[in-house]
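S.K.: Structure of the sequence below:
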Amino acid sequence: MRIAVCYNQTPKKPNQGEARDLIADAGSFDEAKAVQKALASLGHQAELLPLADDLVDFIQRIKAFAPGVVFNLCEGFWGNARQEMHVAALFELLRIPFTGSNALCLGLSQDKIRTKALLQQSGLPTPAFAIAKQKGDALRLEKLKFPLIVKPPYEDASQGIEHASVVDNKQTLAKRIRYIHEVYRQPALVEEFIEGRELNVAILGGVKPKILPISEITFDPSLPRAMVCFDSKWSPESAAYRGTRPVCPAALTAKETLLIYTVAERAYTLLGCRDYARVDIRLRNNTPFILEINANPDISPDAGLTRSATAAGLNYAQLIDRILAFVSQRKEVADARP
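M.R.: Below is the predicted model:
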């Protein structure tokens with residue numbers, strides 16, 4: 001099968017945020033090469049098609065290659081993560097089957113504020129939160145207890161998150177909110193920082209999703225905060241990176257596992273995820289608080305979702321083949337309709 005492996009490129013200078021955020025974006029090329037190699041090993045004709053700032057040129061290259069399927073690894077458009085959904089929408093308009101979640105799901109999951117509101121309305125546990133929309137906003141903190149964590153709600157890959165994001169008083173809270181407004185140019189999401197075990201739940205499938213072995217992120221006691229931040233993901237030379245270690249499968253009781261599986265599957269279904277996604281959770285006193293639903297997570301060979309797939313007995317090529325099979329299943333259903 002002819003498969004276009006699409007990934008996004010970014011400008012040399014970010015439109016917003018920190019210059020170092022480009023490190024995370026650069027990883028998409030390596031991810032795309034790994035997927036292409038896996039597809040080739042499965043006998044497919046796979047071609048890398050990067051998406052830069054020229055949308056017309058991208059469409060022309062897609063049409064010229066005429067793929068049977070697009071393997072969609074795009075996490076934004078020209079440095080704008082909020083436009084991730086528009087890339088999926090483009091494939092929908094071009095009527096090309098593609099891997100991963102649809103545009104609506106990607107739009108919902110990219111908006112952490114809207115996602116948390118949906119989780120709350122559905123009775124799913126997520127840390128209590130407030131929003132500081134702009135400079136000078138009076139923040140209602142009556143129901144929030146320190147420590148709090150301050151995040152940019154429209155970024156991913158832990159951009160804008162560091163140990164200083166967790167604050168213990170109103171003075172440092174105000175400073176961190178100002179940082180989000182000025183550097184990331186968006187509202188600040190303020191939520192209670194859950195002291196507990198950090199767990200990643202990888203899920204494959206659609207209507208009847210399969211939950212893979214749960215991964216736990218462990219932290220060296222010497223770190224200022226037991227949390228995943230930008231450095232712990234992207235800066236190998238940092239103490240945060242060295243002190244953050246994944247363990248898969250996590251040591252959990254049967255009761256804890258069932259509880260986490262149930263919450264993660266409900267969240268996956270609620271947002272309409274398909275093919276693959278990752279639900280990030282903090283477990284405290286037997287309550288699995290949902291931190292984030294990543295409907296388009298990294299699937300590089302060394303990424304968390306791949307680690308869980310390996311623990312489930314899937315090698316990398318088998319994981320990619322499984323994701324591709326979901327597209328074929330959707331196509332068969334669509335073709336069978338009268």
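
S.K.: Excluding its own residues, what touches stretch 312-324? List them.
M.R.: 3, 34-35, 38-39, 41-42, 69, 71, 99-100, 204, 212-213, 275-276, 299, 301, 306, 309-310 (C-beta atoms under 8 Å, 6 or more residues apart in numbering). Yep, even glycine has a C-beta here, placed from its N, CA and C like the rest.

S.K.: quick one, helices of the stretch 151-300 of the chain?
M.R.: All helices of the stretch 151-300 of the chain, identified by DSSP state H, counting those that start in this stretch, fall at 170-179, 230-234, 239-242, 254-271.

S.K.: partner residues bridging the residue most central in space within the chain?
M.R.: Computing the C-alpha centroid of the chain and ranking residues by C-alpha atoms, centre = their mean puts N294 first, at 3.1 Å. Taking DSSP bridges, one finds R278 as the beta-bridge partners of N294.

S.K.: re the thing from before, just tell me which of the helices of the stretch 151-300 of the chain ends up closest to I23.
M.R.: When these are compared by C-beta to C-beta, helix 230-234 sits nearest I23, at 4.8 Å.

S.K.: for the closest one, the distance to its chain's centre please.
M.R.: Computed by C-alpha atoms, centre = their mean, to the nearest Å, the chain-centroid distance of helix 230-234 equals 14 Å.

S.K.: helices and strands around it, which ones?
M.R.: Contact analysis of helix 230-234 by 3 or more C-beta pairs under 8 Å, 6 or more residues apart in numbering; DSSP states H and E lists helix 22-41, helix 239-242 as its packing neighbours.

S.K.: For G196, grab the count of nearby residues.
M.R.: Using other C-beta atoms under 10 Å, G196 has 16 neighbouring residues.

S.K.: what sits against it?
M.R.: Taking C-beta under 8 Å, 6+ apart, we find G196 in contact with 282-285, 289.

S.K.: For ChimeraX, what selects the buried ones among the residues you listed?
M.R.: Here is the ChimeraX selection string for the buried members of the contacts of G196, based on 16 or more other C-beta atoms under 10 Å:
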select :282,283,289
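
S.K.: Between the contacts of G196, which sits nearest R61?
M.R.: Taking C-beta to C-beta as the measure, R61 lies nearest R282 of the contacts of G196, at 42.2 Å.

S.K.: Identify the residue spatially nearest to the closest one, adjacent ones excluded.
M.R.: I194 (4.0 Å; C-beta to C-beta, 6 or more residues apart in numbering).

S.K.: The one you found and N80: what is the separation?
M.R.: According to C-beta to C-beta, to the nearest Å, I194 stands 29 Å off from N80.

S.K.: of those two, who's got more company?
M.R.: I194 (23 against 16).

S.K.: Quick one: the strands in this protein, in order.
M.R.: Counting by DSSP state E, residue ranges of the strands within the chain are 2-8, 45-51, 69-72, 129-132, 148-151, 166-167, 188-192, 197-205, 210-211, 215-219, 244-247, 275-284, 287-294.

S.K.: To L22, which of those strands lies closest?
M.R.: Comparing the strands of the chain against L22 with C-beta to C-beta, the closest turns out to be strand 2-8 (12.0 Å).

S.K.: could you say what helices and strands that closest one packs with?
M.R.: For strand 2-8, the packing partners by 3+ C-beta pairs under 8 Å, 6+ apart are helix 22-41, strand 45-51, helix 55-65, strand 69-72.

S.K.: Out of these, flag the one nearest P153.
M.R.: Smallest distance to P153 across these (C-beta to C-beta): 16.8 Å, for helix 22-41.

S.K.: send the alpha carbons of the closest one over as PDB?
M.R.: Presented in PDB, the C-alpha positions along helix 22-41 are these (Å, rounded to 0.1, in the frame of the first residue of the first chain):
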ATOM      1  CA  LEU A  22      11.600  23.700  19.200                       C
ATOM      2  CA  ILE A  23      13.500  20.700  20.600                       C
ATOM      3  CA  ALA A  24      10.200  18.900  21.100                       C
ATOM      4  CA  ASP A  25       9.000  19.800  17.600                       C
ATOM      5  CA  ALA A  26      12.200  18.600  16.000                       C
ATOM      6  CA  GLY A  27      11.500  15.100  17.400                       C
ATOM      7  CA  SER A  28       8.700  14.600  14.900                       C
ATOM      8  CA  PHE A  29      11.100  14.000  12.000                       C
ATOM      9  CA  ASP A  30      12.800  11.100  13.900                       C
ATOM     10  CA  GLU A  31       9.400   9.700  14.800                       C
ATOM     11  CA  ALA A  32       8.300   9.900  11.100                       C
ATOM     12  CA  LYS A  33      11.500   8.100   9.900                       C
ATOM     13  CA  ALA A  34      10.900   5.300  12.500                       C
ATOM     14  CA  VAL A  35       7.300   4.900  11.300                       C
ATOM     15  CA  GLN A  36       8.400   4.900   7.600                       C
ATOM     16  CA  LYS A  37      11.000   2.200   8.400                       C
ATOM     17  CA  ALA A  38       8.500   0.000  10.200                       C
ATOM     18  CA  LEU A  39       6.000   0.400   7.300                       C
ATOM     19  CA  ALA A  40       8.700  -0.500   4.800                       C
ATOM     20  CA  SER A  41       9.500  -3.700   6.800                       C
END
